[in-house]
Every structure is written in structure tokens, then in C-alpha cells.
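>>> Everything below, folded, please.
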Amino acid sequence: MDKIRKGIFNTAVLLALSLAIAPVIFGGCEQSSKIFTIGIISYAPLDSPIMTGFKDGMTESGYIDGKDIRYIYKGLVDRDEHKIDAAIREILSLDIDLILTAETNVSVRAKELTKGTGIPVLFGGDPAPVENGLVKSINKPGSNMTGIRALETTQKALEWMMIIIPGAKKVYLPYKPDDPASIMVLPELEIIAPQMGVELVRETISSVEEAVAGIERLQPGDADAVFLIPSLTLNSRSSELIQACIKRGIPVFSSMQLDESILFTLINDFHDAGRKAARLAGEINKGVRVEDLPVETSELQLIINLKTAERIGISIPDDVLLRADTIIPHGGAGN
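Modelled structure (predicted):
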């Protein structure tokens, strides 16, 4: 009888031990209880399209915020390299599994400061990841970094202008000379426009009020359209510039997301870019090597506002509307 009891006891102990070590032996059958921790370093707020796209993508992949995944966000307010480095080091000290960035200068510093750490870095929407030194090639990143490439939109926006506004040759361009966002775009634009037969009518401004006044001074023949380029000074109050254009009957366009009342804009779909970055993050969390994950490319979106077109007396051809990704109808924004 004692032998039977001893046998039962030994069997129970072995069963308990087997159950205890099963998750270790059969790791592929049971997920780790460790929370996937993402460190986000960006000028973009958490409710920006790329960030919401990333979080939506992780949710769609089954990650529950606070249970399977957590986000540690470090916002940036200026481009001082020392402050960027301090933010990256702070994130690295918090036991994270992956870093997500959304700007080239931050991505470059993140790559440098994560050398030898084994921490993967994802960039979301860099226009030239190879040229900027983030990866060796699009198909073979070759380092601890991969992500999403943003497509060039400045030239394509000008091409769409020439289709939507036939005969347009002179483009009014208000800009602030020391605005870092504008400085990044202007040199390329000044090369591209003449090659396309487009004359840039540049006007330096120091405020939104000056930009609006410049638009209001335009006379017939001064400009066929207004192009709003990236600007830390003007972007947040773009509706004032756009309304000034509409009142003058002047077409206004851009290659970035601005107030919906703009006639048309061509942008990278950064929400989609965020979702693609989330898919890469999921692969990395499963153990796929970063250097084996090719850089993906964001989609472009052409957005046309028919109410604005009607207000300024422009008819958008049907073949253009068929190619638009989003059409704001006659009753939409632009009141």
C-alpha cells in the first residue's frame, strides 16, 4: 500500500514539473507573458496619423494596450541634437524592446545611439532612407533599423497642378526664410519647378498675417495658383491662407495634410505607413531579424475638394476624379 501511495506521489510530482517546464520547452505553443514595450521618440503627437496608424495596426494584430503591449512616448519640441540624444538615452534606460521614430534627424541619432545594444529601430516615413544612411538598401537594411519609406510628393503635386489647372505656369509661394521645414523643401523645389516650366513667385514672410496680406495683394496675372509648402509658421493656421485664396478665386494646393478646404493635396498616407510599421514591429517581436525585413513604402493619397473647386470656378475633369483617393463633396468642408 505504501508503495502504491509513493508511486502516486511521484507521478503527481513529475506531472507538476512537466506542466511547469512545458512553456519553456514548447515556447512556440505559449506566448511569453512579457509586455512588448515600444519607445516612441517624435515631434509628432500621439494622435498624429502615423502614431494612430501604428497603434491601430498593433491592435489589429491582437496586441492589447496595457496587457500585451505598452507605449512610452517622448515628445520633442526642437531640433537640438543634444536634446534629441538625451531623449533617446532616456527611452533606452526604460527596458524597451523597440524604438519607433518619425523624423530623419531623430532616426539618424537613434541608429547611432543603439549601436551594440540589440535594440531594433523602426522609422516611419523617411523619404530617403538609403541616402540618409539609415539602411544599406531597401531590400537588405543590413542593420538594426528598418521601416517605411515616404514617397516624394513635391514634384508630383506640381504635376497634378498642371493637370487640374491647365495652363498654370506661375505659382505664388509664401515662405519664411529661417523656417526649418521650408528650408528642407525649397532647394529641391527651386530645381524642379523650372524644369517643369513652372515659375515660382516667391515672397518672404515672417507671419501668417503677412502671408495672408501677400495673397490679398495678388493681381490677375501675378500667379495662377498658390503652393503651400511645409512651414512650422504657417501650417497650424493654414485655413486662414486657404480662405484668403478662395476669396480671391485663386487655386491653392499642397503636398501635405492641411485644412480640408484646400483645393487639392497630394500626401503620403501616414496612417497606412503607421500600420505597415506595426506589421514590421510584430515580425520583430516574433524573432525575425531586423536586417532581414525590407523597407516598405507608404501609399500616396490625392484629395480633392469639389466645394472649393466650385467656389473658385474650376471644373475638375472626371478622369481626375476617378484617380482621386478622397473627394470632399460639394456639401463638405470649405464653408
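
>>> what domains does the record give for this protein?
Domain assignment for the chain by automatic domain parsing gives 36-150+270-298, 154-255.

>>> Start and end of the first one, how far apart?
For domain 36-150+270-298, the separation between the terminal residues is 25 Å (C-alpha to C-alpha, to the nearest Å).

>>> Kindly report the same for stretch 225-236.
Per C-alpha to C-alpha, stretch 225-236 runs 21 Å from first to last residue.

>>> Report the buried residues of it.
The neighbour-count check on stretch 225-236 (16 or more other C-beta atoms under 10 Å) flags 225, 226, 227, 228, 229, 230, 231, 233, 234, 235 as buried. Quick note: C-beta positions are derived from backbone N, CA and C, even for glycine.

>>> Repeat that for stretch 307-317.
For stretch 307-317, by 16+ other C-beta under 10 Å, it's 307, 308, 309, 311, 312, 314, 316.

>>> In contact with residue 274, which residues?
Shown in contact with residue 274 (C-beta atoms under 8 Å, 6 or more residues apart in numbering): 49, 50, 51, 52, 53, 54, 55, 56, 57, 124.

>>> so can I have TSV of those showing secondary structure and neighbour count?
Output for the contacts of residue 274, formatted as TSV (DSSP: H, G, I helix; E, B strand; the rest coil; neighbours: other C-beta atoms under 10 Å):
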residue	secondary structure	neighbour count
49	helix	19
50	helix	26
51	helix	23
52	helix	16
53	helix	23
54	helix	31
55	helix	21
56	helix	14
57	helix	22
124	strand	30
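
>>> ok, those vs residue 73, which is closest?
Closest approach to residue 73 among those (C-beta to C-beta): residue 51, at 8.2 Å.

>>> thinking residue 85 is in contact with residue 109, fair?
Yes - with contacts counted by C-beta atoms under 8 Å, residue 85 reaches residue 109, the gap being 5.8 Å.

>>> Between the two, which is the more surrounded one?
residue 109 (20 against 15; other C-beta atoms under 10 Å).

>>> Give the helix, strand or coil label for the more buried one.
helix (DSSP: H, G, I helix; E, B strand; the rest coil).

>>> Nearest to residue 264, out of the domains of the chain?
Once these are compared by C-beta to C-beta, domain 154-255 is nearest, at 5.0 Å.

>>> and the buried residues of stretch 225-236, which of them are in strands?
225, 226, 227, 228 (DSSP state E).

>>> Could you work out the most separated pair of those residues?
225 and 228 (10.3 Å).

>>> Name the residues contacting each of those two.
With C-beta under 8 Å, 6+ apart, residue 225 and residue 228 have common neighbours 252, 253.

>>> where's residue 231 relative to residue 245, distance?
15 Å (C-beta to C-beta, to the nearest Å).

>>> same question, residue 326
As judged by C-beta to C-beta, residue 326 and residue 245 stand 20 Å apart.

>>> These two: which has the busier surroundings?
residue 245 (26 against 15).

>>> hang on, the earlier thing: can I get the domains of the chain in TSV including distance to residue 263 and mean pLDDT?
Shown next, in TSV, are the domains of the chain (distance: least, C-beta to C-beta, whole Å; pLDDT from 0 to 100):
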stretch	distance to residue 263	mean pLDDT
domain 36-150+270-298	21	94
domain 154-255	5	93
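
>>> I'd like the ones you listed laid out as TSV, including distance to residue 322.
As requested, the domains of the chain are exported to TSV (distance: least, C-beta to C-beta, whole Å):
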stretch	distance to residue 322
domain 36-150+270-298	21
domain 154-255	12
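
>>> out of those, nearest to residue 262?
Short answer: domain 154-255, nearest of those by C-beta to C-beta, at 5.1 Å.

>>> where do the helices sit along the stretch 151-300 of the chain?
Along the stretch 151-300 of the chain, counting by DSSP state H, counting those that start in this stretch, helices occupy 154-164, 180-195, 208-217, 238-248, 270-285.

>>> Distance to residue 291 for these - can I get that in CSV?
Shown next, in CSV, are the helices of the stretch 151-300 of the chain (distance: least, C-beta to C-beta, whole Å):
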stretch, distance to residue 291
helix 154-164, 31
helix 180-195, 29
helix 208-217, 45
helix 238-248, 40
helix 270-285, 11
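
>>> Please work out which of the ones you listed is packed deepest.
helix 270-285 (a mean of 23; mean count of other C-beta atoms under 10 Å).

>>> Contact partners for residue 295?
With C-beta under 8 Å, 6+ apart, residue 295 has these contacts: 129, 135, 138, 139, 141, 146, 147, 148, 149.
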